[in-house]
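>>> Sharing a sequence plus its predicted fold:
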Amino acid sequence: MAQEWNIRPRGHVCSICAQPFVDKKPCVSVLRETENTYERLDCCSGCWKSTPRDWEPFSVWEGDYEAPAQASHKQETVKKETAESLLRRLITLEDPAMQNVVYVLAVMLERGKQLIERDAKPHESGGILRVYEQKKTGDTFVVLDPRLRLDQLGQVQQQVIALLSGTHSLGDAVDGVEHTDSSAPAAGSV
């Protein structure tokens, strides 16, 4: 079943009791499958354990809540494209032609310890849906692992390098892509 999913931020209050989370205290994050999408719930541990449910979660993980950092008023004069900002833009675009690039960016960020893989489930396309959480912000990403073959990796790496270096725009990168099987879901979609 194709379901829309972009990036979902971590909640700052319990989805059940509506009490604000306390910095460095445990909380439970849950993805719940609904008819057309996934719903993210963030709950205090006590509420999660004590509230009866007539549904099974798609994915559950526990961690310590981290209060958002105070925004700095200092702005960069030139905004640099980072792997994370590019990943966020590509997921929002939901372009199936960029699913391999999205996956490689997610793996790069996981290796750089910016994303943490929280769950993985098989997908009907033959790939694997991977649920990632951004370590600092708690934002959740659902990324399709398209099961890239080794002979495809070089081309995808070149696309990532071109996009991050600014030598190609997204339009140029998409035009240079061998389009993947159209039955596979777009990156960021489920």
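Everything's here; your move. Residues are numbered from 1 along each chain as shown.

>>> Summarise which helices and strands the helix ranked longest in the chain is packed against.
Ranked by residue count, the top helix of the chain under DSSP state H comes out as helix 150-165. Under the contact criterion of 3 or more CB pairs under 8 Å, 6 or more residues apart in numbering; DSSP states H and E, the helices and strands touching helix 150-165 comprise helix 83-93, helix 99-111, helix 170-175. In short, each C-beta sits where N, CA and C put it, glycine included.

>>> So which of those helices is nearest residue 154?
For those, the distance to residue 154 is smallest for helix 99-111, at 11.1 Å, taking CB to CB.

>>> after that closest one, next one along is what?
Following helix 99-111 in sequence order, the next helix or strand is strand 115-122 (DSSP states H and E).

>>> Run through who's touching that next one.
29, 31, 58-61, 106, 109-110, 128-135, 140-141, 145 (CB atoms under 8 Å, 6 or more residues apart in numbering).

>>> Could you rerun that using 6 Å?
Outside of strand 115-122, the residues within contact range by CB atoms under 6 Å, 6 or more residues apart in numbering are 59, 61, 109, 128, 129, 130, 131, 132, 133, 134, 135.

>>> Just checking: what are the partner strands of it?
Using DSSP bridges, strand 115-122 pairs in its sheet with strand 128-134 (antiparallel).

>>> Give me the mean pLDDT for the host helix or strand of residue 49.
Element membership of residue 49, judged by DSSP H and E, is helix 45-50. This predicted structure assigns helix 45-50 an average pLDDT of 92.

>>> Domain ranges for the protein, per the record?
11-67, 83-175 (automatic domain parsing).

>>> Do you know the pLDDT at the spatially most central residue of the chain?
With distances taken as CA atoms, centre = their mean, the chain has residue 141 as the residue nearest its mean C-alpha position (1.3 Å). At residue 141, the predicted lDDT confidence score is 90.

>>> Let me see the contact set for the residue nearest to it when sequence neighbours are not counted.
Counting by CB to CB, 6 or more residues apart in numbering, residue 132 is the residue found nearest to residue 141 once chain neighbours are left out, at 4.5 Å. By CB under 6 Å, 6+ apart, the residues touching residue 132 are 106, 115, 117, 141.

>>> Next, the last one: secondary structure please.
Under DSSP: H, G, I helix; E, B strand; the rest coil, residue 141 falls in the strand class.

>>> How much space separates it from residue 66?
Summarising the geometry, the distance separating residue 141 from residue 66, computed by CB to CB, to the nearest Å, is 17 Å.

>>> Would you check how far apart residue 14 and residue 27 are?
If you measure residue 14 against residue 27 using CB to CB, the figure is 8 Å.
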